[in-house]
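**Q** sequence and predicted structure below; questions after.
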Amino acid sequence: MNFKFNLFNFLLFLLLFVIEIVIAIYLKQGFIRHTFGDFLVVIMLYYFIKSFIKTKSIYIALVVLIFAYCVEFLQLLNILDYLNLRQNTLATLILGSHFSVQDLIAYTLGVISIYIINKIGFQNE
């Protein structure tokens, strides 16, 4: 594992970040907001980490998936209530407000997509 900035990956991260912001602002419900946004967020986090760390893509993808699963399972524990952040819009947006198996599936499909993209040679290890 090496620390090295990769502009291409960072630009992909920024593009996905802007898409996520647009989804959050303009779409309040539906498939794109609740499922496709979760699918994209793991890809966005992957490219953010990949912008600064050079290691095997599968390692980064698995770390991102584990992180996403942890955040989702914290929702089962009502983490926003324990942190007294239930009324904080930004915290609710970032951490989510309720547990959903559908979100876990979206995260998993996002990581599988990363794996496929890397397998077909779009990205270099």
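**A** Cool, the structure landed.
**Q** quick check: pLDDT value at the residue lying farthest from the centre of the chain.
**A** Residue farthest from the centre of the chain, counting by CA atoms, centre = their mean, is Asn84 at 23.7 Å. Listed pLDDT for Asn84 reads 90.
**Q** please identify the helix or strand for it.
**A** Under the criterion DSSP states H and E, no helix or strand holds Asn84.
**Q** give me the below-cutoff pLDDT ranges for the protein.
**A** Within the chain, the ranges that satisfy pLDDT under 70 run 122-125.
**Q** how about the strands in it?
**A** 2-3, 53-54 (DSSP state E).
**Q** same list (those strands) but as JSON lines, adding distance to Asn88 and mean neighbour count.
**A** For the C-beta atoms, the positions are set from N, CA and C on the backbone; glycine is no exception. Below are those laid out as JSON lines (distance: least, CB to CB, whole Å; neighbours: other CB atoms under 10 Å):
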{"stretch": "strand 2-3", "distance to Asn88": "32", "mean neighbour count": "8"}
{"stretch": "strand 53-54", "distance to Asn88": "30", "mean neighbour count": "16"}
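**Q** can you say which of those strands is nearest to His98?
**A** His98 lies closest to strand 53-54 among the strands of the chain, at 31.6 Å (CB to CB).
**Q** that closest one pairs with which strands?
**A** Within its sheet, and counting by DSSP bridges, strand 53-54 is paired with strand 2-3 (antiparallel).
**Q** starting at the chain centroid, how far to the partner strand?
**A** 21 Å (CA atoms, centre = their mean, to the nearest Å).
**Q** so what touches that strand?
**A** Phe52, Ile53, Lys54, Thr55 (CB atoms under 8 Å, 6 or more residues apart in numbering).
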